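1. any chance you can model this:
(one chain, ligands or ions: 1)
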Amino acid sequence: MERSTIVRVHEGLHARPATRFVKLAKSFESNIDLVKGEKSVSAKSSVKLMLLGVKENDEVIVRAEGADAIEAVEALIGYLENPKSGVDEDEQTGGDKPAAVEDEIDAVAVPLAVEGRLKGVGASEGVSLGLAYPYFPDEIKPESRKLAPDEIDAEVARFRNAVTIVQKRMDASLAAGNLAESDRGIIAALKDIAADDTLADEAIALIRGGMDAVTAVFGAASKLATEFGEMDDPYLNARADDVHAVGRQLCLALLGREEGSLEGIPEGAILIAEDIGAWDLARAPLKRIKGVICGHGGATSHVAIIARAHGIPAVLGLGYQVEQLRMAGHVALDGGTGEIFADPDGETKARFEARIRQASEESIALKVFRDVVPKRSDGVVIEVAANIGSLEEIEAAQDAGAMGIGLFRTELLFMRHMHLPSEDMQTEIYSTLAKAFAPHPVIVRTLDVGGDKPVAGVDFPDEENPFLGWRGIRMCLDRPDIFKPQLRALLRTAIHGRLKVMLPMVSELSEVVRTRALIKECEAELKAEGRDYRSFDLGVMIETPAAVLIAPMLAKEVAFFSIGTNDLTQYVMAADRLNPTVASLNDVANPAVMAAIEMTAKAGVEAGIMVGMCGEAAGRPDLIPEFIRMGLTELSMSPASIQRAKKCIAELASA
Ligand SMILES: C=C(OP(=O)(O)O)C(=O)O
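-> Residues are numbered from 1 along each chain as shown. Predicted coordinates for the structure are as follows:
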């Protein structure tokens, strides 16, 4: 039987415990295969050791797998506790052992052979089984150590060494050659800060005052970040985040650590995290990830949306239970029901393997619907489009047979960068998209940040209820310096394809009227500058109960509606879409939500405008017949749902 174990090795601060433990393990048992991320250090093995990370308190988390895992690791721990009884470590590892380290070693092996069951929120359909890959980057805290006068010079040298390490790491990233131009700019900006004397001088002054280097970096970074934060310019304000990012890198270097990264995630792994940012996930090597499990989030959070866009099964909203999975060797998950099996036994494994096989056969069978143009029984075409948030997803949408884009989430573009993207950069990105799908329509949603989607360069107030706060069109209308460059970029893009633009979080007619006035201003400016542009169809998302109630009025002012069921459900049901405790209320099929959808559809159909849907419910085969009956003629969804939706509409027409 396959077994797993976890080893916690606690060592002194400067001992580089992970490196030392791994070196030691390598020399101790020649039949142990050491794996860091996907890199195998030694090929022959009956036992696999995987270094999962070093925790803030210097515990080393290592997972061992294989028939003799527990025994091998116990032997290794035995040696760590009593080095005289086994191999001489200095001799074997090159002798980097610091003095008096043995005293601080505290290691335990926890066998995990029993299948554990957990339940979260099914957030991206599909079943998966694979190697668990816990990703829990540590929070760094100040050491708050008072230095003796004779320690100060060494501490300054430790700090200077950390600056050199950080600069070298940044140079290595820049030289790697696989960076997008925009990411290269971000790293270069961070390197500037690391090389700048302002931060270093401040930190050294604090060290000279008797503060340890980690705490000094915290103090210096906070001071500089506050200065940037108080400046009267959004671009300079955004530098505060850069300073914090550099501060974190310096602290990691001081502690002998490197930032955790998803770069090394092995092929076919199941990613397990307490929380993972949408952008962290978006830039991870998604093709290698077979499943996502997260303590935070729910079915309509952005992590779920990215997972669905890439056809990766996901279970979110596990809460504190996700901690239990840190020690799992393998994990099976069902992204539909939210079930998770840690270290599944043979029977569960066989069941999941059979389901994975069946799902793959089904997906092959659905491929025949890729190029179908689905119609209602009266011959009206139903556009089945894709929801995407980055240019990287174009291919997946095209491969799935998307008849255009029903929702391009522009906020990922803003969240990706430490700075607000320029008008030219936005024009280039939107134009690439419009050209890729022409002659099909592409609907771009204007910036929808706030709530669960903060952005560097926009100072969001501390709000008790950010989902009911300053977000979407509310924020944009207050910040024409951000909104107008986006509108100008969209006007410039419209010459390249069938562009439509929609506004998020609309709750008042005046928001549409004020946006139209801004668009007019932008058109006048572009004309005066002699630039090419074209007007676009303006629509609104219907995602607030207020918008539903004034839908007949809105329908007279706009060219189309797109129903955002993810938000509409949370607002109609008064149930936070990220809160797993109220996940059962967050159901679009609830009669209250379906009534809101029907009211919207009726208002749109009566006014003769297109009514579409871009919430995830648009891809639900059990609800599609209802939506078609209500008069919706466009359904936009994750690429992974497109072929099933086309099949459902086609079968409906022929029934
Ligand atoms: C599509 C929607 O928007 P979001 O990006 O917030 O999920 C929605 O709310 O249905």
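
2. pull out the buried positions in the longest helix along the chain.
-> For the chain, the longest helix by residue count, based on DSSP state H, is helix 152-175. Residues 152, 155-156, 158-159, 162-163, 165-167, 169-170, 173 are the ones in helix 152-175 that count as buried (16 or more other Cβ atoms under 10 Å). In this view, the C-beta of every residue, glycine as well, is placed from N, C-alpha and C.

3. over to stretch 473-481?
-> Residues 473, 474, 475, 476, 479 are the ones in stretch 473-481 that count as buried (16+ other Cβ under 10 Å).

4. need those in TSV (columns: secondary structure and distance to the ligand).
-> TSV is the format used below for the buried residues of stretch 473-481 (DSSP: H, G, I helix; E, B strand; the rest coil; distance: Cβ to the nearest ligand atom, whole Å):
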residue	secondary structure	distance to the ligand
473	helix	13
474	helix	14
475	helix	14
476	helix	15
479	coil	19
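
5. how about the helix or strand hosting residue 556: buried residues?
-> Here residue 556 is covered by helix 551-557, with elements defined by DSSP states H and E. For helix 551-557, burial by neighbour count (16+ other Cβ under 10 Å) applies to 551, 554, 555.

6. pLDDT on stretch 619-635, on average?
-> Stretch 619-635 comes out with an average pLDDT of 97.

7. ok, residues contacting it?
-> Stretch 619-635 is touched from outside by 376, 380-385, 406, 562-563, 588-589, 594, 597-598, 601-602, 604-605, 610-613, 617-618, 637-638, 641-642, 644-645, 648-649, 652, with contacts defined as Cβ atoms under 8 Å, 6 or more residues apart in numbering.

8. hmm, the helix or strand that contains residue 601 touching the ligand?
-> Assigned by DSSP H and E, residue 601 belongs to helix 591-607. No - on the criterion Cβ under 6 Å from any ligand atom, helix 591-607 is out of touch with the ligand, staying 11.1 Å away.

9. flag every residue of the chain that's near the ligand.
-> Contact residues (Cβ under 6 Å from any ligand atom) of the chain with the ligand: 300, 407, 409, 543, 564, 565, 566, 567, 614, 615.

10. and the buried residues of helix 551-557 as JSON lines, adding pLDDT?
-> Converted to JSON lines, the buried residues of helix 551-557 look like this (pLDDT from 0 to 100):
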{"residue": "551", "pLDDT": "98"}
{"residue": "554", "pLDDT": "98"}
{"residue": "555", "pLDDT": "98"}
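
11. what residues sit buried inside the strand or helix carrying residue 484?
-> Applying DSSP H and E as the criterion places residue 484 in helix 480-493. By neighbour count on 16+ other Cβ under 10 Å, the buried set for helix 480-493 is 482, 483, 484, 485, 486, 487, 488, 489, 490, 491, 492, 493.

12. then stretch 365-379?
-> In stretch 365-379, counting by 16+ other Cβ under 10 Å, buried: 366, 369, 374, 376.

13. need the residues that contact the longest helix of the chain.
-> Helix 152-175 has contacts (Cβ under 8 Å, 6+ apart) with 147, 179, 184, 187-188, 190-191, 194-195, 200, 203-204, 207-208, 210, 212-213, 216-217, 246, 249-250, 253-254, 258.

14. what's the answer for stretch 203-220, then?
-> Counting by Cβ under 8 Å, 6+ apart, 140, 142-147, 149, 152, 155-156, 158-159, 162, 199-200, 202, 247, 250-251, 254-255 sit against stretch 203-220.

15. and if you look at stretch 558-565?
-> 406-407, 443, 500, 502, 504, 512, 537-543, 551, 554-555, 588, 593, 597, 600-601, 603-604, 609-618, 632, 634, 636.

16. out of those residues, which end up buried?
-> For these, a burial check counting by 16+ other Cβ under 10 Å picks out 406-407, 443, 500, 502, 504, 512, 537-543, 551, 554-555, 588, 593, 597, 600-601, 603-604, 609-618, 632, 634, 636.

17. these in strands, which ones?
-> Judged by DSSP state E, those include 406-407, 443, 500, 502, 537-542, 610-613, 634, 636 as members of strands.

18. got a list of contacts for stretch 501-514?
-> Residues outside stretch 501-514 that contact it (Cβ under 8 Å, 6+ apart): 407, 443-446, 448, 471-474, 477, 487, 490, 515, 536-544, 546-547, 550, 553-554, 557-558, 560, 562, 564, 567.

19. packing partners for the helix holding residue 601?
-> When contacts are defined as 3 or more Cβ pairs under 8 Å, 6 or more residues apart in numbering; DSSP states H and E, helix 591-607 packs onto helix 545-549, helix 551-557, strand 560-563, helix 565-573, strand 610-613, helix 624-630.

20. how about 6 Å then?
-> helix 545-549, helix 551-557, strand 560-563, helix 565-573 (3 or more Cβ pairs under 6 Å, 6 or more residues apart in numbering; DSSP states H and E).

21. domain map for this protein?
-> Domain assignment of the chain by automatic domain parsing yields the ranges 3-113, 117-137+263-365, 149-254, 370-654.

22. contacting residues around residue 463?
-> residue 469 (Cβ atoms under 6 Å, 6 or more residues apart in numbering).

23. the inter-axis angle of the helix or strand containing residue 432 versus helix 480-493?
-> With secondary structure defined by DSSP H and E, residue 432 is part of helix 423-437. Comparing the axes of helix 423-437 and helix 480-493 via axes from the mean of the first three to the mean of the last three Cα atoms, to 10 degrees yields an angle of 40 degrees.
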